[in-house]
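Peer 1: Okay, predicted coordinates and the sequence, questions at the end:
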Amino acid sequence: MRVSLLTAIILGILFLPVYAQAPEPAEADTVKQMPKPEMTKKAVETEQAAEPEIAKEAEKPVQAAEPKTALEAEEAEEPAGMELNLTVKEMTFCAGVEEREPVSEDTTFSSDAGKIFFWSNVLNDGDEASIEHVWYYKGEEMARVMLPANYPRNRVWSSKIILPEWTGEWMVVIMAGSEKLGEMTCTVE
């Protein structure tokens, strides 16, 4: 009996791959159900810890916000724990940019210049980030340009087409989220 049982096991192991292969279906399935990932213990604890905070926020009375100007809204404080490792090393207005460097730097431009460039050198000691050049004319936001700041040294620039009637003071504010990194003004005459 032991011999026949042993023989059956050996034969089963040898021939199992031949019989275990299923024929391929005529049509291949195009949609596969992905297994639902299980939450780790840490994720469950985080989710549970966040729920009381949400409940507390819902209980707070809603207060009407006072209207703010665009500049006041941008100067709002950064939330606690939000640290950016961005520093503006250099910034300037110029007539153009060649080989990543400003050309004809100035703070006064003719109204027939057509286009003004704002160039900045932003240092990044942290993770990938982005900045914005926000262009203002007489206190009114005219343009917002998102620029990457992913490297330790980031020479980035934006430009603004200036209509001949747009004379007066122009300002560019360098923002990273809601944090102001720097600002500079120029005059169009």
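Peer 2: Cool, the structure landed.

Peer 1: residues touching D106, list them.
Peer 2: Neighbour list for D106: 93-95, 186 [criterion: CB atoms under 8 Å, 6 or more residues apart in numbering]. Just so you know, the C-beta spots here come from the backbone N, C-alpha and C atoms, and that holds for glycine as well.

Peer 1: Tell me the one of these nearest I10?
Peer 2: C94 (83.8 Å; CB to CB).

Peer 1: residue ranges of the strands in the protein, please?
Peer 2: 86-98, 101-105, 108-109, 115-124, 130-137, 140-148, 153-161, 168-176, 179-188 (DSSP state E).

Peer 1: and for stretch 175-189, what are the contacting residues?
Peer 2: If you take CB under 8 Å, 6+ apart as the criterion, stretch 175-189 is touched by 74-78, 82, 84, 86-88, 91-93, 106-111, 113, 116, 118, 120, 122, 129-132, 134, 149, 162, 166-174.

Peer 1: buried ones in it?
Peer 2: Buried residues in stretch 175-189, counted by 16 or more other CB atoms under 10 Å: 175-176, 179-182, 184, 186, 188.

Peer 1: Could you provide these in CSV, with additional columns for distance to R155?
Peer 2: Shown next, in CSV, are the buried residues of stretch 175-189 (distance: CB to CB, whole Å):
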residue, distance to R155
M175, 18
A176, 16
E179, 20
K180, 20
L181, 15
G182, 15
M184, 16
C186, 19
V188, 24
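
Peer 1: among those residues, which two are most distant?
Peer 2: E179 and V188 (27.8 Å).

Peer 1: Please report how far K160 lies from G139.
Peer 2: Per CB to CB, to the nearest Å, K160 is found 15 Å from G139.

Peer 1: Looking at these two, which one has more neighbours?
Peer 2: K160 (18 against 10; other CB atoms under 10 Å).

Peer 1: what pairs with the closest residue to the more buried one other than its chain neighbours across the strands?
Peer 2: Setting aside the residues directly before and after it, K160 is nearest to W135 in space (CB to CB, 6 or more residues apart in numbering), at 5.1 Å. Per DSSP bridges, residues listed as beta-bridge partners of W135: A143, V172.

Peer 1: follow-up on the earlier one: would you format the strands of the chain as a markdown table with mean pLDDT and distance to I9 included?
Peer 2: Converted to a markdown table, these look like this (pLDDT from 0 to 100; distance: least, CB to CB, whole Å):
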| stretch | mean pLDDT | distance to I9 |
| --- | --- | --- |
| strand 86-98 | 97 | 68 |
| strand 101-105 | 96 | 78 |
| strand 108-109 | 96 | 90 |
| strand 115-124 | 97 | 65 |
| strand 130-137 | 97 | 65 |
| strand 140-148 | 97 | 64 |
| strand 153-161 | 96 | 68 |
| strand 168-176 | 97 | 69 |
| strand 179-188 | 97 | 71 |
